[in-house]
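Chemist: next comes the sequence, and after it the predicted model I'd like to discuss.
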Amino acid sequence: MKAHVLQVSSVKQIQTHNQGALKKQEVVLADTTNWIKLDLWQKYVNTLTKGTTYTLENLRQKKFNNERYLNTAKVEEFKFEESENFSDSLVQPDQPLYQETTLPDCQVIGVTEATKTLCCVSCSKKCIFRPDSSLVQCTSNSCKLMQKVELCKSQWYLRIMVKDNAPPEKKFMLTLFHSQVQQLIDRMYLELDLASSTEEKVLIAILSSKKMISVTFDPLSHNVSSVASMPEKPSKEL
């Protein structure tokens, strides 16, 4: 495909469930008929320049919440080559490249998934227990390191439902990776150690709390970027 780069975001560090921290950059592409977002991952960040026209190969089309976007492929190499500019006018996007949504006053009302993953001390990939053993082993084919479970770091993943207390009190399903899970625990003032806590203990603590929080998330992926505490309301004078 041939497209012109209209906008380029800064590079962000995204915490994923199975692959750890990954670098991501968002780009807006356009031609004379349409525009579309492109997510560049890992080694492909900072490869495209704003204001330049390219011929692009090996991109994958995705769809989330009825919005189409492009992704660099996991296996095939993303190829790009500078090309001549379009002679006709380009279509302009009708929305900003990336604008996070903040719910300043909300409460966690449910959890659909709470997963604690043990990570390899060598490559940080997922570890699983060996059959009939107290040892765990890395699942990466290039590593397969056997190790003590107490030496493994844990990575948490949560899918929660929050209720926005501002009218009309909408509900949102949000995703939290490890650093945001830790923020949630801290901002809700829960006395939990994620390294030693079980999924059940974390679930009960979160759902038993009535603490209001503020969350900021990507409206496309619903991934939470930050969690903040609600300021205490001043007490009314008698």
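Modeler: It's in.

Chemist: in the longest strand anywhere in the chain, which residues are buried?
Modeler: When the chain is parsed with DSSP state E, its longest strand is strand 101-119. For strand 101-119, burial by neighbour count (16 or more other CB atoms under 10 Å) applies to Leu103, Cys106, Gln107, Val108, Ala114, Lys116, Thr117, Leu118, Cys119. For every residue, glycine as well, the C-beta is placed using N, CA and C.

Chemist: swap in stretch 181-200?
Modeler: Val181, Gln183, Leu184, Ile185, Arg187, Met188, Leu190, Leu194, Ser197.

Chemist: cool, and stretch 125-140?
Modeler: Going by neighbour count (16+ other CB under 10 Å), the buried part of stretch 125-140 is Lys125, Lys126, Cys127, Val136, Gln137, Cys138.

Chemist: residues in contact with that stretch?
Modeler: Stretch 125-140 is contacted by residues 18, 20, 117-120, 122-123, 143-149, 152 when judged by CB atoms under 8 Å, 6 or more residues apart in numbering.

Chemist: please, a PyMOL command that selects the buried ones among those residues?
Modeler: Burial among the contacts of stretch 125-140 is assessed by 16+ other CB under 10 Å; the matching PyMOL selection reads:
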select buried, resi 20+117+118+119+120+123+147+152
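
Chemist: among the contacts of stretch 125-140, which one lies nearest to Asn34?
Modeler: Closest approach between the contacts of stretch 125-140 and Asn34, by CB to CB: Asn18, at 32.6 Å.

Chemist: how close does Asp164 get to Leu6?
Modeler: From Asp164 across to Leu6, the span is 32 Å (CB to CB, to the nearest Å).

Chemist: distance between stretch 168-181 and the chain's centre?
Modeler: 11 Å (CA atoms, centre = their mean, to the nearest Å).

Chemist: state the distance spanning the first to the last residue of that stretch.
Modeler: In stretch 168-181, first residue to last residue: 27 Å (CA to CA, to the nearest Å).

Chemist: what sits up against the lowest-mean-pLDDT helix or strand in the chain?
Modeler: When each helix and strand of the chain is scored by mean pLDDT, DSSP states H and E, strand 12-16 comes last, with a mean of 75. Contact with strand 12-16 is made by Ala21, Leu22, Lys23, Lys24, Gln25, Phe177, His178, Ser179, Gln180, Asn223, as judged by CB under 8 Å, 6+ apart.

Chemist: now do 6 Å
Modeler: Outside strand 12-16, the residues within contact range by CB atoms under 6 Å, 6 or more residues apart in numbering are Ala21, Leu22, Lys24, Phe177, His178, Ser179.

Chemist: span of stretch 92-108 from start to end?
Modeler: Start to finish, the residues bounding stretch 92-108 are 38 Å apart (CA to CA).

Chemist: what does stretch 116-124 give?
Modeler: Here the two ends of stretch 116-124 are set 14 Å apart, with distance taken as CA to CA.

Chemist: which single one of the buried residues of stretch 125-140 is nearest to Ser229?
Modeler: For the buried residues of stretch 125-140, the closest approach to Ser229 (CB to CB) belongs to Lys126, at 31.7 Å.

Chemist: could you give the bridge partners of that closest one?
Modeler: Cys119 (DSSP bridges).
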